[in-house]
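> Attaching a predicted model along with its sequence, questions to come.
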There are 2 protein chains.
Amino acid sequence: MATRSAPSPGRRQRRRQETIEEVLGIAVEIMTEQGVAGLSIGEIARRMGIRPPSLYVYFPSKNALYDALFERGAQSVLAAMEATDAFSGTDEATLEEALLDVGRAFVRWSLDHPAYSQLLWWRPVPGFQPSEQAYEPAVRLTERANAVITGLQRRGLLRPDVPAGQVYRDWTVIVSGVVSQQLANAPGEGFDQGRFTAALPEMASMFARHYGQPETASHEEGPS
Amino acid sequence: MATRSAPSPGRRQRRRQETIEEVLGIAVEIMTEQGVAGLSIGEIARRMGIRPPSLYVYFPSKNALYDALFERGAQSVLAAMEATDAFSGTDEATLEEALLDVGRAFVRWSLDHPAYSQLLWWRPVPGFQPSEQAYEPAVRLTERANAVITGLQRRGLLRPDVPAGQVYRDWTVIVSGVVSQQLANAPGEGFDQGRFTAALPEMASMFARHYGQPETASHEEGPS
DNA sequence: GTCTATATGACGATAGAC
DNA sequence: GTCTATCGTCATATAGAC
């Protein structure tokens, strides 16, 4: 009898990866519509035209699926932040500009990806804890953001009497407050129309006045 | 045969109310342990020593239970805020003191009631929308908080060129940012040990400097 | 009025046929 | 790799004992 020739390992793996991507994409769709906790294996299978057990070939459990989604989201926000001027080495911006730059990028990403935001920044899934691997991009983001603050400090743009960690913490509080208020109270408004995102510029101005180095320009403070 | 005399309506209703309170208390316990979405009718019944269907005598559905919890939580936070100096008429505080007072009270309540906080400020339950009745205390809280800002404005403690609504929005952003960061990243630390709650005083100071009326004391500006 | 007993359908998950 | 069959648990609903 005729035997179908086996597909090459490369092709099989590529096809498998395509299916995994399809699952993740549909999962994000469902989470966006129903909330993160509203995701169900059955609904994914229904939309893919397969039976629920078939999904267990790609993900051993629902939490493993959440883990893959967490990692994907963390990579996405990290990439979005790396693309900002403030994150890419050449920063000639003022303190206020740099703060507004990173704040805007973070808030914009969060509102553009509300499902990922809920999964990453809140804990809506009872039993789920992200694995170390899934969390790693988020750790890198924290490190990079801290490095930005340290860079501002090195350039003399920050008050010397305040530790960089405090500046990081406080700007993080403000930015996450904007995200949290906008997502909770008016998630449909988006970044450009958001009544809370509109607070960002004034917040950056206030923050820069408070934590910025007053007067003294930072250029050429070498020995006279 | 002996017939048990029927309990008086008053007694019956009191007993019913006690049971409802017990259900709500246990529900809060479970939500605190497992997260808001982790609440289940079966677990409540198990802890009460009854069968799940018995609970439907008191609540017609799980969402009705969430609704009662929402209302209870909203009443609780409203009461906590009403107890602050800033909310109770006699406010002789400075702008910074008043802001810190309300911010501290709100953050403290939120950290003391993490389950209610998730239910009230985020939307962790897929199908649930609070009823108007359940939401009413939250509306009152917003009105009262806005009135506090207006009162500060009337006393001349706020910059006249900034609308009161903006001051309300921005202080809300900061306070909710503290809550969100503390609950998401270190929920066990509590108010007094919290690494993010520690940011509140400096935030109030920064905020008061930025939005406060500079110099000019507000006392006796009548005709000379 | 309050409970138990019981049933339905959805869910996450596993075993095994093909 | 996908299916059917099945399990245990969940929210929910109804019937009926007491």
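Perfect, I can see it now.
> hang on, A:Ala199 packs against B:Asp170?
Yes: between A:Ala199 and B:Asp170 a contact is recorded at 5.3 Å, counting by C-beta atoms under 8 Å. Bear in mind the C-beta positions are built from the backbone N, C-alpha and C, glycine included.
> who in chain A is up against DNA strand D?
Contact residues (C-beta under 7 Å from any atom of the strand) of chain A with DNA strand D: A:Arg12, A:Arg15, A:Arg16, A:Thr19, A:Gly49, A:Ile50, A:Arg51, A:Pro53, A:Ser54, A:Val57.
> Among these, name the ones in helices.
Those of the residues of chain A next to DNA strand D mapping onto helices are A:Arg12, A:Arg15, A:Arg16, A:Thr19, per DSSP state H.
> So which bits of chain A are right by DNA strand C?
A:Leu39, A:Ser40, A:Ile41, A:Gly42, A:Glu43, A:Pro52, A:Pro53, A:Tyr56, A:Pro60, A:Ser61, A:Lys62, A:Asn63.
> Selection in ChimeraX covering whichever of the ones in helices among the residues of chain A next to DNA strand D are buried, please.
Provided next is the ChimeraX selection string for whichever of these are buried by 16 or more other C-beta atoms under 10 Å in any protein chain shown:
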select /A:19
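> residue ranges of the helices in chain A, please?
Here chain A has its helices, by DSSP H, at A:9-34, A:41-48, A:62-82, A:95-112, A:114-121, A:132-154, A:164-185, A:190-193, A:200-211.
> could those be laid out in TSV, adding distance to B:Gln118?
Shown next, in TSV, are the helices of chain A (distance: least, C-beta to C-beta, whole Å):
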stretch	distance to B:Gln118
helix A:9-34	17
helix A:41-48	24
helix A:62-82	18
helix A:95-112	18
helix A:114-121	11
helix A:132-154	20
helix A:164-185	11
helix A:190-193	24
helix A:200-211	25
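> hmm, back to that, got any residues that touch both of A:Ala199 and B:Asp170?
Residues touching both A:Ala199 and B:Asp170 (C-beta atoms under 8 Å, 6 or more residues apart in numbering or on different chains): none.
> Pick the one among the ones in helices among the residues of chain A next to DNA strand D closest to DNA strand D.
Checking those against DNA strand D by C-beta to the nearest atom of the strand gives A:Arg16 as the nearest, at 4.0 Å.
> list the contacts for the nearest residue to that closest one once chain neighbours are set aside?
In this structure, A:Arg16 finds its nearest non-sequential neighbour in A:Tyr58, 7.3 Å apart by C-beta to C-beta, 6 or more residues apart in numbering or on different chains. The contact partners of A:Tyr58, by C-beta under 8 Å, 6+ apart, come to A:Arg16, A:Thr19, A:Ile20, A:Val23.
> Show the pLDDT at the third one.
As summarised for this prediction, A:Ile20 has a pLDDT of 98.
> And it, how close does it get to chain B?
For A:Ile20, the distance to chain B equals 25 Å [C-beta to the nearest C-beta, to the nearest Å].
> what about that residue, neighbour count?
Burial measure for A:Ile20: 15 neighbouring residues, criterion other C-beta atoms under 10 Å in any protein chain shown.
> A:Pro214 too?
A:Pro214, neighbours per other C-beta under 10 Å, totals 6.
> what does A:Arg159 give?
For A:Arg159, the tally of surrounding residues (other C-beta under 10 Å) stands at 13.
> who are the neighbours in contact with it?
Applying C-beta under 8 Å, 6+ apart, the residues near A:Arg159 are A:Tyr211, A:Gly212, A:Gln213, A:Pro214.
> Setting the sequence-adjacent residues aside, check what's closest to the residue nearest the centre of chain A.
Taking C-alpha atoms, centre = their mean, the centroid of chain A lies closest to A:Val77, which sits 3.0 Å from it. For A:Val77, ignoring the flanking residues on the chain, the nearest one in space by C-beta to C-beta, 6+ apart is A:Trp109 at 5.2 Å.
> roughly how far apart are the residue in chain A positioned nearest to chain B and B:Val179?
Of all residues in chain A, the one sitting closest to chain B is A:Gly177 (2.4 Å; C-beta to the nearest C-beta). Look at A:Gly177 and B:Val179: by C-beta to C-beta, to the nearest Å, they are 8 Å apart.
> Repeat that for A:Glu22.
A:Glu22 sits 37 Å away from B:Val179, going by C-beta to C-beta.
> Looking at the two, which is more packed in?
Neighbour count, other C-beta under 10 Å: between A:Glu22 and B:Val179, B:Val179 has more, with 27 against 14.
> Identify the residues contacting the closest residue to the more buried one other than its chain neighbours.
Once flanking residues are discounted, B:Val179 sits nearest to B:Ser110: 4.5 Å by C-beta to C-beta, 6+ apart. By C-beta under 8 Å, 6+ apart, the residues touching B:Ser110 are B:Val77, B:Ser117, B:Trp121, B:Val179, B:Leu183.
> count of residues packed around the closest residue to A:Gly212 other than its chain neighbours?
Using C-beta to C-beta, 6+ apart and skipping the chain neighbours, the partner closest in space to A:Gly212 is A:Leu95 (4.6 Å). Neighbour count of A:Leu95, defined by other C-beta under 10 Å: 22.
> I'd say A:Leu95 and A:Leu157 touch.
Yes: if you go by C-beta under 8 Å, A:Leu95 and A:Leu157 touch, sitting 4.4 Å apart.
> Pull up the gap between A:Ile149 and DNA strand D, please.
Remark: distance between A:Ile149 and DNA strand D (C-beta to the nearest atom of the strand, to the nearest Å) = 45 Å.
> what do you get for A:Gly156?
Counting by C-beta to the nearest atom of the strand, the gap from A:Gly156 to DNA strand D is 57 Å.
> How about A:Leu157?
To DNA strand D, A:Leu157 is 53 Å away according to C-beta to the nearest atom of the strand.
> tell me the contacts of that residue?
Residues in contact with A:Leu157 (C-beta under 8 Å, 6+ apart) are A:Thr94, A:Leu95, A:Ala98, A:Gly212, A:Gln213, A:Ser218.
> Of those - the most surrounded one?
Neighbour tally across the contacts of A:Leu157 (other C-beta under 10 Å): the maximum, 24 neighbours, falls on A:Ala98.
> That residue: what's its closest spatial neighbour, skipping adjacent residues?
When the adjacent residues along the chain are set aside, A:Ala98 lies closest to A:Ala86, with 4.6 Å between them (C-beta to C-beta, 6+ apart).
> how about low-confidence regions in chain A?
Applying pLDDT under 70 to chain A picks out residues A:1-6, A:215-224.
> how about a cut-off of 90?
Under the criterion pLDDT under 90, the flagged ranges of chain A are A:1-13, A:88-92, A:123-124, A:126-127, A:214-224.
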